[in-house]
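**Q** Here is my input; please provide its structure:
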Amino acid sequence: MKYVYTIVALLLPASAFAQSTGTAVNPLPGSVWQYLGPTLGADWSQSPFPNLSGVPAITATLTGNPSGATLGGLNVSIADTSGLGKRQVGLIVGIANNAVSTTLCPGGTTNGNCDMIGTYSGAALSGGMKDGFAANLLIDVALGWNAANIAGLAASGGAWVAEFDSNNHDANFGETLGPNGMFPPFVFGLDLVANYNGSTLFRQNAAVVVAGYPGATGPGWNRGFVCGNYATNGDVKQACFADYSSSDIGLDLRGTHAVAGLDGRNGTFNTYFIAGPPTPTYAIPTFWDALGNIQAGELLVRNGNGALPSPQADGTQHWGAVVYNGINAIKQQGLLVTSNWAVNTSNVLEVGHTDFTTGAYTSYLAVKGDGTMYAFGTLGSTCSGTPTASFASTNGFVTHC
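**A** Predicted coordinates:
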């Protein structure tokens with residue numbers, strides 16, 4: 001039984017109608033190459049394979065792309081309805097090596113680092129061509145696609161520009177936390193590599209860009225990057241986004257955002273919403289927990305560039321918090337503490353002491369919601385209007401205004 005493989009593009013001239021050797025061919029525009037062999041494995045599984053070479057000369061239209069006529073070196077264009085209900089693939093390329101117990105790579109890098117590549121696509125761009133792509137992928141979803149799926153299958157389907165599947169049957173790799181978990185052995189889903197030496201290789205704009213067509217109404221995407229949660233135990237174990245770089249800025253937010261720059265209102269955070277490094281003095285972790293509580297070793301709220309207060313600046317005294325307005329101008333205030341509950345059962349401000357071990361609290365001074373003041377838990381005087389004199393205290397009581 002014979003198999004017939006026909007590639008219509010720009011391949012062999014009629015004189016080379018059947019090709020089964022490794023001789024390179026220079027095709028003529030519009031020619032047809034047919035391989036007529038008894039079996040696929042008996043001829044094409046051997047080396048050397050047929051070598052196709054030439055200048056792109058066949059005129060074709062890119063499927064789903066209204067960019068007009070394009071010159072191509074190999075055109076595989078299929079429109080088929082006979083395989084409805086079955087998986088259909090326009091072009092299949094696959095490779096697999098014979099498994100051995102010991103991997104040998106004589107020659108090292110001269111042998112391509114013992115690489116095995118399913119598909120290699122490269123483009124070398126120089127003067128004379130405006131734009132260049134190593135690969136250009138398109139998915140075109142027609143009007144009525146989803147309605148047809150629901151009508152025929154009672155279910156919606158999915159459309160992908162590209163799907164990258166990774167199956168690791170060997171062992172768990174990268175279990176070590178942090179950047180040390182990125183060393184070999186590793187399996188990466190997508191690796192974007194750019195080289196730089198400052199003389200012949202230079203920096204590039206961005207590794208990943210999520211964008212729309214210039215001039216389009218937009219936005220075209222509902223989400224830029226998504227870490228899914230489809231698997232029973234989740235899809236990502238350690239970190240959805242990991243920054244191990246030495247970049248000047250870890251996250252640069254400069255856009256216009258109607259709701260928030262960071263929105264964690266609908267998340268579940270078992271320990272911290274945001275966790276930071278420990279403070280240098282007491283190694284206290286800095287964090288923003290799931291309840292909205294913020295902990296910092298020494299919190300400095302500072303406005304302006306006035307000199308720091310000496311009790312904080314000398315480095316020998318440590319404050320839980322310092323509120324400082326360092327702008328030397330009229331109506332630049334320091335701290336406003338206020339409350340809506342205007343009764344003496346609530347406090348506007350309270351100062352006290354907490355025992356280090358037990359947490360037992362002693363109140364020193366309290367300003368109630370109705371303006372009354374308590375010192376050491378005892379009612380003092382009530383002040384209203386503008387103070388007429390400096391506050392004085394007798395045995396811890398506020399005696400007059």
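**Q** which SSE is residue 150 in?
**A** Element membership for residue 150, per DSSP states H and E: helix 145-153.
**Q** Over to residue 201?
**A** Per DSSP H and E, there is no helix or strand for residue 201.
**Q** and it, how many neighbours?
**A** 10 (other C-beta atoms under 10 Å). Placement of C-beta: from N, CA and C, glycine included.
**Q** rewinding a little: ok, and for the helix holding residue 150, which residues are buried?
**A** The neighbour-count check on helix 145-153 (16 or more other C-beta atoms under 10 Å) flags nothing as buried.
**Q** Give me the residues contacting it.
**A** 155-157, 159 (C-beta atoms under 8 Å, 6 or more residues apart in numbering).
**Q** try 7 Å this time
**A** 155-157 (C-beta atoms under 7 Å, 6 or more residues apart in numbering).
**Q** Equivalent analysis for stretch 247-256, please.
**A** With C-beta under 7 Å, 6+ apart as the test, stretch 247-256 has contacts from 243, 261.
**Q** average pLDDT for it?
**A** Across stretch 247-256, pLDDT averages out at 94.
**Q** how about the CA coordinates for it, as CSV?
**A** Taking Å, rounded to 0.1, in the frame of the first residue of the first chain, the C-alpha atoms of stretch 247-256 are listed here in CSV:
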residue,chain,number,x,y,z
SER,A,247,15.7,45.5,38.6
ASP,A,248,15.5,49.1,39.7
ILE,A,249,11.8,48.7,40.5
GLY,A,250,9.9,45.5,41.4
LEU,A,251,6.5,46.7,40.3
ASP,A,252,6.0,49.9,38.4
LEU,A,253,2.4,51.2,38.5
ARG,A,254,1.8,54.2,36.3
GLY,A,255,-1.5,53.5,34.7
THR,A,256,-5.0,55.0,35.4
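**Q** Can you list the buried residues in that stretch?
**A** Of all the residues in stretch 247-256, not one is buried under the rule 16+ other C-beta under 10 Å.
**Q** how far out from the middle of the chain is that stretch?
**A** Mean C-alpha position of stretch 247-256 versus that of the full chain (C-alpha atoms, centre = their mean, to the nearest Å) differs by 13 Å.
**Q** Run through the strands of the stretch 301-401 of the chain in chain order.
**A** 321-326, 347-354, 361-368, 372-375, 378-382, 393-394, 397-398 (DSSP state E, counting those that start in this stretch).
**Q** give me the low-pLDDT residue ranges for this protein?
**A** The chain contains residues with pLDDT under 70 at 1-54, 80-81, 83, 109-112, 279-284, 379-401.
**Q** Which parts of this protein belong to which domain?
**A** As assigned by automatic domain parsing, the chain contains the domains 1-76+133-146, 337-401.
**Q** So what's the gap between the helix holding residue 150 and the chain middle?
**A** In terms of C-alpha atoms, centre = their mean, the centre of helix 145-153 is found 33 Å from the chain centre.
**Q** List of residues touching whichever helix or strand comes after it?
**A** Downstream of helix 145-153, the first helix or strand assigned by DSSP H and E is strand 272-278. Strand 272-278 is contacted from outside by 264, 284-290, using C-beta under 7 Å, 6+ apart.
**Q** again, only this time at 10 Å
**A** Outside of strand 272-278, the residues within contact range by C-beta atoms under 10 Å, 6 or more residues apart in numbering are 262, 264-265, 267, 269, 283-297.
**Q** Given the next helix or strand after it, what are its sheet partners and their directions?
**A** Using DSSP H and E, the helix or strand that follows strand 272-278 in sequence is strand 285-289. Using DSSP bridges, strand 285-289 pairs in its sheet with strand 272-278 (antiparallel), strand 294-295 (antiparallel).
**Q** got CSV for those, with mean neighbour count too?
**A** Converted to CSV, those look like this (neighbours: other C-beta atoms under 10 Å):
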stretch, mean neighbour count
strand 272-278, 13
strand 294-295, 13
